[in-house]
Every structure is written in structure tokens, then in C-alpha cells.
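**Student:** Using only what follows, build the 3D model:
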Amino acid sequence: MVDIAQQAALHPASAKDAATARVPLTAIDPGQWRALAQRAIEPNGYYLPAWALAVSATARSRTNASALPAFAKTSSRLIGLMPVISLWRACKIPLPALVSAHPYGTLCSPLIDRDAPIEAATHVLQQARKAGAHALVLNDVALDGAAMNALKQALSRDGLKPRILSSYLRASLDATQDDETLLREALGSKKLKEQRRLRHRLEEHGPVTFDVARRPDEIGPALETFLQLEASGWKGKRGTALVQHAGDAAFIRHAVPALAETAQCEIITLRAGTTPVAAGIVLRHQDRAFFFKLGIDERFARYSPGVQLTLELTRHLCADPAIASADSTASADHPMINPIWRGRFAVGDVLVPLRRHDPVVALIHGALLGRNAAYVTARGLIRRLRK
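**Tutor:** This next block holds a predicted model:
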């Protein structure tokens with residue numbers, strides 16, 4: 001089997017269609033992209049243009065993604081957008097499929113116009129076909145989200161159905177609730193009392209404050225504080241902290257200030273006196289927040305600074321009338337945030353067939369299932385070896 005790019009070379013008659021169907025992210029008009037994000041049927045902070053373009057331009061191993069754009073038939077308005085890479089590049093599987101580009105976050109739900117969701121979804125699928133793909137693979141998509149529902153409806157018109165490859169439940173916050181009631185119901189009075197005791201112990205190192213950096217002039221210093229905290233902990237020891245890799249550092253230092261210009265990013269910091277003990281990056285898109293990353297000073301680990309920061313973030317978001325919900329963007333069974341944010345929504349990887357009765361789709365499906373099984377087995381072996 002050959003990759004999509006190889007297929008276009010072997011079939012030059014379709015190369016022109018492929019070139020116009022799948023374009024560089026930088027070819028998308030930024031104004032159109034921002035307007036689509038405002039109208040998106042489902043928020044996704046990781047597909048905002050300032051974030052996605054910074055990832056594609058600089059982030060380690062995630063550069064040079066392309067896009068499947070959808071335009072309205074009656075105008076040149078952008079109504080759908082799905083950043084993608086080839087299946088070969090994503091998984092080293094030499095079969096003709098496109099995979100949602102991972103945006104250095106854990107949500108790949110495409111941007112679909114709420115004013116024309118079925119038309120937008122249909123056009124995205126058509127663009128994938130024109131690009132030579134036999135299937136789309138959506139990784140980390142909200143399975144019951146509005147974007148996925150629009151794609152399901154568009155597929156059903158062609159007698160097609162998506163196939164779920166894997167799924168899990170992810171923690172989320174209903175920010176419309178009263179914060180103290182929510183925390184009391186989630187943690188119980190005993191655990192809340194323990195957290196208050198730890199906070200009082202932390203105050204022995206200086207008054208505990210919770211700061212939110214929003215303005216562009218605030219966000220730069222706050223970001224550097226976050227990067228230092230992240231690199232000082234276990235991520236730094238493993239070599240996975242953002243600042244430890246030139247591309248990743250360039251991406252985050254570009255994306256965060258750019259989003260701050262449009263009030264779509266903030267950095268939260270917990271301090272004991274003048275010492276930052278925990279910090280996090282939060283993206284904002286429409287009425288949803290996205291808790292991207294957390295860094296802590298492990299010298300204060302006995303006081304649970306990550307939990308203390310998350311409790312303050314919960315209060316902060318619940319007090320903000322512009323925010324209705326928050327995505328933890330955490331893995332399944334995350335030990336820190338799952339007990340605090342008790343909301344759940346299903347996230348998974350989905351195979352979207354583009355042609356009926358296509359034997360190539362069956363091959364793609366089998367290859368992905370085999371790869372997933374090998375990955376699960378390898379992770380299990382690593383866990384046992386660590387124990």
C-alpha cells in the first residue's frame with residue numbers, strides 16, 4: 001500500500017484535486033479561521049488559529065500539519081476546518097488515510113460552523129475524499145460532542161457509520177454550579193478540611209495568593225514562572241518539560257501571548273509569599289475553559305500545591321459568568337483532578353470510512369486495532385517492570 005502523497009504521484013489526474021482539497025494551515029485566511037472559531041458548534045481551544053499555527057510551525061514532532069477546509073457553496077465563507085496529517089506520518093502505517101493533527105492538547109474535535117453544521121461536515125468529508133483518503137481517523141474527539149454528531153449525520157446520508165477504536169471518560173467541570181457546594185459534594189467535608197489544614201501549613205511560608213495573568217504584559221513573566229516550575233519537577237527529570245526542547249519552548253512562547261491578545265489564554269499561579277509553588281495554563285474558547293498543563297514546586301509537595309491550585313481554579317471558573325464548563329484535558333483516572341472535577345464526558349479515537357464497501361477501510365481498521373493492542377501490551381509491560 002502507498003501513502004496519500006505517493007498515490008497522488010501515481011495518479012496525476014487526481015493530483016490537482018488533492019492539492020486543493022488538503023492545504024497548508026498557513027494557507028487558511030486567519031480572519032476567516034477566527035470567525036469560524038467564534039461560530040464553532042463545539043469549542044476547541046487547541047484548534048484556535050494562534051495555537052494550532054504555533055504548534056505546526058515549531059512544536060517538536062508536530063510541525064507542518066495541513067488542513068481540510070470547507071467553504072459554503074453560496075459564498076467563500078469558511079464553515080469547517082480539520083487539521084490533518086497522513087496515517088503514515090502519524091502511525092507509520094502505509095495506507096491511504098488522514099489523521100487529525102495532534103494540537104499539543106488532548107482534543108481534536110474539528111471546527112464546524114453552527115449555522116451550517118451538516119453542510120460543513122459533508123464538505124470536510126468530501127475534501128478528504130478528494131485528497132485521496134479512504135478514511136479519516138479522529139483522535140481524542142468528544143464522542144458525543146456536537147462536531148462528532150454533525151459528522152455522523154453527514155455520514156449517514158451516504159450510508160456510512162463511524163467506528164470507535166478506543167474511548168475513555170474524562171474529567172470536566174460544570175462551572176455553572178456554586179463553587180463551594182460543588183467542592184463539598186465532590187470531596188466531602190473531611191477532605192476539604194484536610195486541604196484547608198494543608199493551606200494553613202503552606203501559609204507558614206508566607207501569605208498564600210492566587211494570581212491570574214491575562215493581559216499581554218502580564219502573561220510573559222507568568223509563562224516563564226510556569227516553565228520553570230514544570231521543568232523543576234518530574235517532567236524535567238524525564239526530559240519532557242516544554243522548556244527542555246527548543247521547538248516546544250518556541251511554540252508555547254509564541255502561542256500563549258498570541259492568545260492573550262484575544263483574551264483566550266490565562267496563566268494561574270499559586271504563591272506562598274513571593275515563592276510560586278504551582279502554576280497552570282488555561283485556554284478559553286467560547287464558554288469553555290481548557291486546563292492545559294500544571295507545574296509545581298516539588299519542595300512544597302507535602303502541601304499538595306497542585307490540588308490547592310486546582311481548588312482555586314475551580315472557584316475562579318465558577319465565579320466567571322463567561323465560562324459554563326471546563327475540560328480537564330487529563331487522562332482517564334487522573335489521580336489529582338478526577339476527585340475534584342466530577343463531571344465526565346466520553347473521548348475517543350474514531351475511524352470514519354469515506355466509501356461504502358471499501359476493502360481498504362477494513363485494512364486500515366485492522367492495522368489500527370493491531371497497533372492499539374500492541375501499545376496497550378507495551379504499556380502494561382512497562383508498568384510491571386517499574387513495579
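
**Student:** Now the element after the helix or strand encompassing residue 69, going C-ward?
**Tutor:** Using DSSP states H and E, residue 69 maps to strand 66-71. Next along the chain after strand 66-71, taking DSSP H and E as the criterion, comes strand 78-86.

**Student:** what angle sits between that next one and strand 66-71?
**Tutor:** Interaxial angle, strand 78-86 versus strand 66-71 (axes from the mean of the first three to the mean of the last three CA atoms, to 10 degrees): 160 degrees.

**Student:** Indicate each strand paired with strand 78-86 and its parallel or antiparallel sense.
**Tutor:** Next to strand 78-86 in the sheet, as set by DSSP bridges, lie strand 66-71 (antiparallel), strand 97-100 (antiparallel), strand 111-112 (antiparallel).

**Student:** just these: most buried one?
**Tutor:** The highest mean neighbour count among the strands paired with strand 78-86, using mean count of other CB atoms under 10 Å, belongs to strand 111-112: a mean of 32. C-betas here are computed from N, CA, C, even on glycine.

**Student:** can you give me the mean pLDDT across that strand?
**Tutor:** In this model, strand 111-112 has an average pLDDT of 98.

**Student:** Enumerate every residue touching the closest residue to residue 291 other than its chain neighbours.
**Tutor:** Counting by CB to CB, 6 or more residues apart in numbering, residue 328 is the residue found nearest to residue 291 once chain neighbours are left out, at 5.4 Å. Neighbouring residues of residue 328 by CB atoms under 8 Å, 6 or more residues apart in numbering: 170, 171, 172, 173, 291, 334, 337, 341.

**Student:** could you dump the strands paired with strand 78-86 to CSV with distance to residue 59?
**Tutor:** Below are these laid out as CSV (distance: least, CB to CB, whole Å):
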stretch, distance to residue 59
strand 66-71, 15
strand 97-100, 15
strand 111-112, 19
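
**Student:** Out of those strands, the one nearest residue 368 is which?
**Tutor:** strand 97-100 (8.7 Å; CB to CB).

**Student:** Walk me through the domains of the protein.
**Tutor:** Under automatic domain parsing, the residue ranges defining each domain of the chain are 4-171+346-386, 176-323.

**Student:** quick one: which of those domains has the weakest pLDDT on average?
**Tutor:** Among the domains of the chain, domain 4-171+346-386 carries the lowest mean pLDDT, a mean of 89.

**Student:** show me where this protein has strands.
**Tutor:** 23-24, 66-71, 78-86, 97-100, 111-112, 135-142, 163-174, 208-213, 265-272, 275-285, 288-296, 325-327, 343-353 (DSSP state E).

**Student:** Single out the most deeply packed of those.
**Tutor:** Comparing the strands of the chain by mean neighbour count (mean count of other CB under 10 Å), strand 111-112 comes out on top with a mean of 32.

**Student:** Run through the residues that contact the closest residue to residue 250 other than its chain neighbours.
**Tutor:** With sequence-adjacent residues excluded and distances taken as CB to CB, 6+ apart, residue 250 is closest to residue 58, at 4.2 Å. Residue 58 is in contact with 247, 248, 250, 251, 254, counting by CB under 8 Å, 6+ apart.
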